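*Asks:* Have a look at this prediction, sequence included:
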Amino acid sequence: MNVLIIDMTHGGIPIALEFLNYTDFNVFALDIYNTLSKEKKELLSQKGIKIVEKGFLDNIDIKDDIMEISNDDFLLVAPIHCNIKPKIHLTHHEAVNFLLENKIKVPIIEVTGVKGKTSVVWMLKEIFIENDPLVLSSLGIEVIQNTKSQILKKDISITPASIIETWELGKPFNPEICIFESSLGGTGLADAGIITNIAENYPIASGEKNASLAKEQMFKSKITVCDFDSFAFFYSNMTGKINTFGLNVKSNVYASDIEFTLDKTTFKAKINNLKTIEGTLLSTEFEVETFAPAEHHLNNVLCAICGALTLNTPVNQIKEGLKKFKGIRGRTSIKKYKGSTIIEEINPGLNVTAIKKSVDMIRDFKNSTLIFGGKYGITCEEIDEDSTVEFIHQINDEISLILVDELGKNIKNKIKRKYKYMDNFNNAIEKGIEMNSPIILLIYRSIFSDQNKR
């Protein structure tokens, strides 16, 4: 059979290479965004992949029904966000399922969502640290053995195709569980497929689709774990085994008796009729202590609890893992520096919803400072600057404002309140300390690899 892999920019290369392992496929590749170098094209051709141009689609027979495809026809594989005229037979997510479904024999957790994906993956890593997990996140590919971490690859994307590379690199270490962060949906490989939230239903595929539709792919998992509000609003018509989590008491996992502090939050986890992978229903409650300085962090914790319980993980194992979680350096973390408490919220997918929830953490502290800014062009989803400026105008003037970097420079002329501008956030932090701010909140749009070089 002929298979045409579309989009070499967002994971098409590993998918095409994996299809080469199946002798009954002739593999074709379309670099729809023209990002492949001449050398890369030659290398792929040498491996047996036939590189074609966009006009190739007009000259081949594309059957609408995948069941009608014969040996001379083409199986069309493209990302769910790809905007092309022929009907896609398999998304990249579905192709990864086809290629790996008989290869991974250990439990799999997949995590997608608009916000909180990496944080949830890291909490789950702590919970399953004794199980030698293989982990894919926006921070890289990591394997844990005897509670010791080894980074197998940095700076990897979280396209579904990265799961192929993660498994190839990780399988020699014999992991007992896989935890995969994935963008825009799930592959269907997961025992527990997690949707953290649909905080913003941003458009994809040139506006013809949106984030919630793409992430709906996660409902192909054996059991789907979904934020209660997102499920109620977007997915209430979905069937199958579903567990929900959130602050709503109708969730399968929710919290009561919550006590927030910047360093440690405690609450009682309430579990009601949660479906486990073994087919049982679980109802219980237990105390939790972890790093969750604000409501959106707590929601991520409830997500991790729901995912772990879905796999019938012992409660004490969950509690111990969450107690060890202290945030993610260069993402969401709190540190003491020169007498001030620095709260870092660094994220490539920063949006207005996240900004509002982060600022809530410092509203009750006198003489606090907000440092806001970041970079452009680091994700497909850009920040809504007008809505951000509107929100900044609502912040009490007792909170000092320092704008930084490209984003800060671009919006400073729209700001109608007192502010300072600095060209980088390290200098801004020093300025906040100079202003005797006991609490400094850094909200910065960037990628982890940039911050890891600090």
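*Replies:* Thanks, I have the structure now.

*Asks:* so where's this structure shaky on pLDDT?
*Replies:* The model of the chain has pLDDT under 70 over residues 67, 330, 349, 377-382, 447-454.

*Asks:* how about the helices in it?
*Replies:* Taking DSSP state H as the criterion, the chain contains helices spanning 12-19, 38-47, 92-100, 117-127, 162-170, 211-215, 228-234, 295-310, 315-324, 352-359, 385-394, 405-411, 425-434, 448-451.

*Asks:* Throw these into TSV and include distance to V288, thanks.
*Replies:* Quick note: C-beta positions are derived from backbone N, CA and C, even for glycine. Output for the helices of the chain, formatted as TSV (distance: least, C-beta to C-beta, whole Å):
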stretch	distance to V288
helix 12-19	38
helix 38-47	48
helix 92-100	32
helix 117-127	11
helix 162-170	29
helix 211-215	26
helix 228-234	18
helix 295-310	7
helix 315-324	6
helix 352-359	20
helix 385-394	31
helix 405-411	35
helix 425-434	31
helix 448-451	26
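
*Asks:* Would you tell me which of those gets closest to T341?
*Replies:* Closest of those to T341 is helix 425-434, at 10.6 Å (criterion: C-beta to C-beta).

*Asks:* Report all helices and strands that that closest one contacts.
*Replies:* Contacts defined by 3 or more C-beta pairs under 8 Å, 6 or more residues apart in numbering; DSSP states H and E place helix 425-434 against strand 340-346, strand 369-374, strand 400-404, strand 420-422, strand 439-445.

*Asks:* contacting residues around the third one?
*Replies:* Residues from elsewhere that reach strand 400-404 (C-beta atoms under 8 Å, 6 or more residues apart in numbering): 367-374, 392, 395, 408-409, 411-412, 415, 417-425, 427-428, 431-432, 435, 437, 444.

*Asks:* cool, the shortest one as well?
*Replies:* Around strand 420-422, the neighbours that count as contacts under C-beta under 8 Å, 6+ apart are 400-404, 408-409, 412, 428, 431.

*Asks:* burial count for E289?
*Replies:* 13 (other C-beta atoms under 10 Å).

*Asks:* Make 197 the first number, not 1, from now on.
*Replies:* Got it, the first residue is 197 from now on, which makes the last one we talked about E485.

*Asks:* Distance check, the residue nearest to Q341 when sequence neighbours are not counted against E594.
*Replies:* Distances taken as C-beta to C-beta, 6 or more residues apart in numbering place D328 nearest to Q341, at 5.3 Å, with adjacent residues excluded. D328 sits at a distance of 49 Å from E594 (criterion: C-beta to C-beta, to the nearest Å).

*Asks:* W318 too?
*Replies:* As judged by C-beta to C-beta, W318 and E594 stand 34 Å apart.

*Asks:* and the residue nearest the centre of the chain, what is it in contact with?
*Replies:* The centre of the chain sits closest to K313, judged by C-alpha atoms, centre = their mean, with a distance of 3.3 Å. Counting by C-beta under 8 Å, 6+ apart, K313 touches 307, 333-334, 354, 377, 392.

*Asks:* do the same with F463
*Replies:* 451-455, 483-484, 494.

*Asks:* Look up the residues forming beta bridges with it.
*Replies:* Beta-bridge partners of F463, counted by DSSP bridges, are V484.

*Asks:* what about the nearest residue to K605 once chain neighbours are set aside, neighbour count?
*Replies:* Nearest non-adjacent residue to K605, counting by C-beta to C-beta, 6+ apart: Y617, 6.7 Å away. For Y617, the count of nearby residues is 15 (other C-beta under 10 Å).

*Asks:* what does M204 give?
*Replies:* M204: 23 neighbours (other C-beta under 10 Å).

*Asks:* ok, now S334?
*Replies:* 21.

*Asks:* Got the phi and psi for it?
*Replies:* phi -70, psi -10 (degrees, to the nearest 10).

*Asks:* Correct me if wrong: it contacts I354.
*Replies:* Yes. Between S334 and I354 there is a contact under C-beta atoms under 8 Å: 5.3 Å.

*Asks:* shared neighbours, these two?
*Replies:* 313, 377.

*Asks:* separation between N592 and A388?
*Replies:* Distance of N592 to A388, given as C-beta to C-beta: 41 Å.

*Asks:* Give the residue from these two that has the larger number of neighbours.
*Replies:* Per other C-beta under 10 Å, whichever of N592 and A388 has more neighbours is A388, with 27 against 9.

*Asks:* list the contacts for the more buried one?
*Replies:* Counting by C-beta under 8 Å, 6+ apart, A388 touches 303-306, 417-419, 421, 473, 503, 506-507.

*Asks:* So what pairs up with it in the strands?
*Replies:* Note on A388: beta-bridge partners by DSSP bridges are I305, I419.

*Asks:* Look up how far V484 lies from it.
*Replies:* On the measure of C-beta to C-beta, A388 and V484 end up 19 Å apart.

*Asks:* what's the distance between F270 and V223?
*Replies:* Using C-beta to C-beta, F270 is found at 11 Å from V223.

*Asks:* Would you mind grabbing the residues shared as contacts by those two?
*Replies:* With C-beta under 8 Å, 6+ apart, F270 and V223 have common neighbours V199.

*Asks:* per the record, what domains does this protein have?
*Replies:* As assigned by automatic domain parsing, the chain contains the domains 198-284, 304-520, 528-647.

*Asks:* all strands for the stretch 347-496 of the chain, in order.
*Replies:* 373-377, 388-391, 399-400, 405-406, 419-423, 438-441, 449-455, 461-471, 477-486 (DSSP state E, counting those that start in this stretch).

*Asks:* Mind giving me the packing neighbours of the fourth one?
*Replies:* By that I understand strand 405-406. By 3+ C-beta pairs under 8 Å, 6+ apart, strand 405-406 packs against strand 399-400.

*Asks:* got it, and the fifth one?
*Replies:* Packing partners of strand 419-423 (3+ C-beta pairs under 8 Å, 6+ apart): strand 388-391, strand 438-441, helix 491-506.
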